[in-house]
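Participant: the sequence and its predicted three-dimensional model are supplied below.
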Amino acid sequence: MLCGALAALATPTALLLGVLLGPALLAMMLDGELGKPTGRCVVLTCMAACVAPLKALWLAGHSMAAATTLLGNVRIIAVAWSAAAAGWLLVQLIPIALRVVLEAHAIARTARLRAVRAKLAEVWGLGPAD
């Protein structure tokens, strides 16, 4: 209902946002996870890239001519769609990067604890634990 009102009352804005947020809408439809984390991240990054073109549209008089001129600029579309791709990439890479960092931290902690255990075994005159 809100989209219909936007399309009727602010057609240039609806046209601009419809094209620029296309990948975000697609991500929301295709994300099958509970809470749609991938879709939300893609929408947020894409919306952030849409602020400048939307501001330019409103400063240019909010006309269909201004909207089509902005959409004719390939750089504007490329930035918005690249931001959507960056949002998807963040969702895919951050869990892997966190897993690598946490695994490295666990390995380092294990090495420190084994060194402390070996030192205590030597001080107390115990045999090796392994």
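Facilitator: Looks like it came in fine.
Participant: against Gly61, how distant is the closest residue to His62 other than its chain neighbours?
Facilitator: Closest residue to His62 apart from its sequence neighbours, by Cβ to Cβ, 6 or more residues apart in numbering: Pro12 at 5.5 Å. (Glycine included, C-beta is placed from N, CA and C.) From Pro12 over to Gly61 the distance is 9 Å, taken as Cβ to Cβ, to the nearest Å.
Participant: those two: which has the busier surroundings?
Facilitator: In terms of neighbours (other Cβ atoms under 10 Å), Pro12 is the more surrounded of Pro12 and Gly61; the figures are 21 against 9.
Participant: okay, that one: pLDDT?
Facilitator: On pLDDT, Pro12 comes in at 90.
Participant: contact partners for it?
Facilitator: Taking Cβ atoms under 8 Å, 6 or more residues apart in numbering as the contact definition, Pro12 lies against 57, 62-64, 66-67.
Participant: with pLDDT, distance to Val91 and secondary structure added, can I get those residues in JSON lines?
Facilitator: As requested, these are exported to JSON lines (pLDDT from 0 to 100; distance: Cβ to Cβ, whole Å; DSSP: H, G, I helix; E, B strand; the rest coil):
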{"residue": "Leu57", "pLDDT": "95", "distance to Val91": "29", "secondary structure": "helix"}
{"residue": "His62", "pLDDT": "88", "distance to Val91": "34", "secondary structure": "coil"}
{"residue": "Ser63", "pLDDT": "91", "distance to Val91": "36", "secondary structure": "coil"}
{"residue": "Met64", "pLDDT": "92", "distance to Val91": "35", "secondary structure": "helix"}
{"residue": "Ala66", "pLDDT": "93", "distance to Val91": "33", "secondary structure": "helix"}
{"residue": "Ala67", "pLDDT": "94", "distance to Val91": "30", "secondary structure": "helix"}
